[in-house]
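# next comes the sequence, and after it the predicted model I'd like to discuss.
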Amino acid sequence: MGFPGTWMTESESVIYRVVPKCACSTIGQIMYYSDHGRFFEGDIHDSTSGLHKWAQEHSQPLIEQRAKARDTYAFTCVRNPYTRILSSFFDKICGIQRNGKRYRGNLVPLLVQKYGIEVGGVDGKQEFDQIKSFRRFLLFARDTIRWRKPMDPDIHWSAMSGHVSTFITNGGRYDKIVLTEQFDDGMQAVLNAIETPHQVDLKAIPRFNESEGHGPKRAHPVGEYFDDLSMHLVWEIYKRDFQLFKYDFENPGNKMPIGEIDLDEVHAKLGD
């Protein structure tokens, strides 16, 4: 299986396991800048050089060697499951993607037809009942994860622990798990622990939110999207994420963690 979703700087200063919807565009650009002293022009997910990625065949032996040797600093980044699934809905389901089309072609028409979801019209800009549609999307997300119907789960809403675990089960070990909600502190700890060809001043780094502007703006506070039933669905999908990454399940309106991540616990429970 190897190390899917894993990126490494060309200088081999640091390894990063991508978790979708968790600041991955910004992290990729920071890694690129730390090697080259400039940012990648465009979406870092589209780069085919300047950064080692598991999806690039020539990068695979290098990533595998460094990950298994565990002598290169390795990290990942996680996010509150409530805000992550909401972000996926507005970006991937309601939004028009950067290619000018809907995400995954026939996915949105399927959701409209089978789950009665509204997405703000053809361009995603019309008014619609966001709470009602989001809760129906949550039902769909649960169906994909629990029963792989009507399709396999998508990387943007499958559990973070699933992404994080592949690096561990194939022989890697994390030195740090950064929280999106405390991004500057976490990323600074990563940068302090590694040597890079170019210095990175985090305060001067723009946020590369590639999904911003794709979809409609969230019209309500996060907590209002989750009633008792939708919280139950979120627990069914993301129980392990809440437990391992110490987020507050009881209060969807609290995006901050309520404890410290225990790296040993993460490795023990995801290394099965």
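Cool, got the structure.
# which residues of this protein fall in helices?
With DSSP state H as the criterion, the chain has helices at 24-36, 60-69, 81-88, 107-115, 130-147, 160-169, 183-193, 228-245, 263-270.
# nearest to Ala204, out of those?
Checking these against Ala204 by C-beta to C-beta gives helix 24-36 as the closest, at 10.0 Å. C-betas here are computed from N, CA, C, even on glycine.
# next one: that closest one to chain centre, how far?
Here helix 24-36 is found 15 Å from its chain centre; the criterion is C-alpha atoms, centre = their mean, to the nearest Å.
# that one vs helix 183-193, what angle?
Angle of helix 24-36 versus helix 183-193, following axes from the mean of the first three to the mean of the last three C-alpha atoms, to 10 degrees, is 30 degrees.
# which elements pack onto helix 24-36?
Applying 3 or more C-beta pairs under 8 Å, 6 or more residues apart in numbering; DSSP states H and E, one finds that helix 24-36 contacts strand 6-9, strand 14-17, strand 51-53, helix 183-193.
# and that helix, what's buried?
For helix 24-36, the neighbour count (16 or more other C-beta atoms under 10 Å) marks 24-36 as buried.
# can you list contacts of it?
Contact with helix 24-36 is made by 7, 9-11, 13-14, 16, 18, 38-40, 43-45, 47, 50-51, 77, 178, 183, 187, 191, 196-198, 200, 202, 205, 207-210, as judged by C-beta atoms under 8 Å, 6 or more residues apart in numbering.
# please repeat the previous calculation with a cut-off of 7 Å.
7, 9-11, 13-14, 16, 18, 39-40, 43-44, 50-51, 77, 187, 196-198, 200, 205, 207-210 (C-beta atoms under 7 Å, 6 or more residues apart in numbering).
# what's the answer for stretch 1-13, then?
15-18, 28, 31, 34-35, 50-54, 60, 62-64, 66-67, 72, 163, 166-167, 170, 172, 194-197.
# drop anything exposed from those.
Judged by 16+ other C-beta under 10 Å, buried ones among these: 15-18, 28, 31, 34-35, 51-54, 60, 63-64, 66-67, 72, 163, 166-167, 170, 172, 194, 196.
# and this structure, what are its domain boundaries?
6-80+156-204, 82-154+216-238 (the TED database).
# indicate which one of these is closest to Phe249.
domain 82-154+216-238 (6.2 Å).
# now the closest one: average pLDDT?
Averaging pLDDT along domain 82-154+216-238 yields 93.
# now do that domain: distance to the chain's middle.
Counting by C-alpha atoms, centre = their mean, domain 82-154+216-238 is centred 16 Å from the centre of its parent chain.
# same deal with stretch 152-169?
9 Å.
# quick one: buried residues of it?
153-154, 156-161, 163-168.
# now stretch 222-240
Val222, Tyr225, Phe226, Ser230, Met231, Leu233, Val234, Ile237, Tyr238, Arg240.
# re earlier: Asp272 is nearest to which of the domains of the chain?
domain 6-80+156-204 (7.5 Å).
# just the endpoints, please. Distance across the closest one?
25 Å (C-alpha to C-alpha, to the nearest Å).
# repeat that for stretch 62-77.
This stretch, stretch 62-77, spans 22 Å end to end (C-alpha to C-alpha).
# now what about that stretch, what contacts it?
2-3, 6, 8, 12, 14-17, 19, 22-23, 27, 52, 54, 164, 167, 171-178, 180, 190, 193-194.
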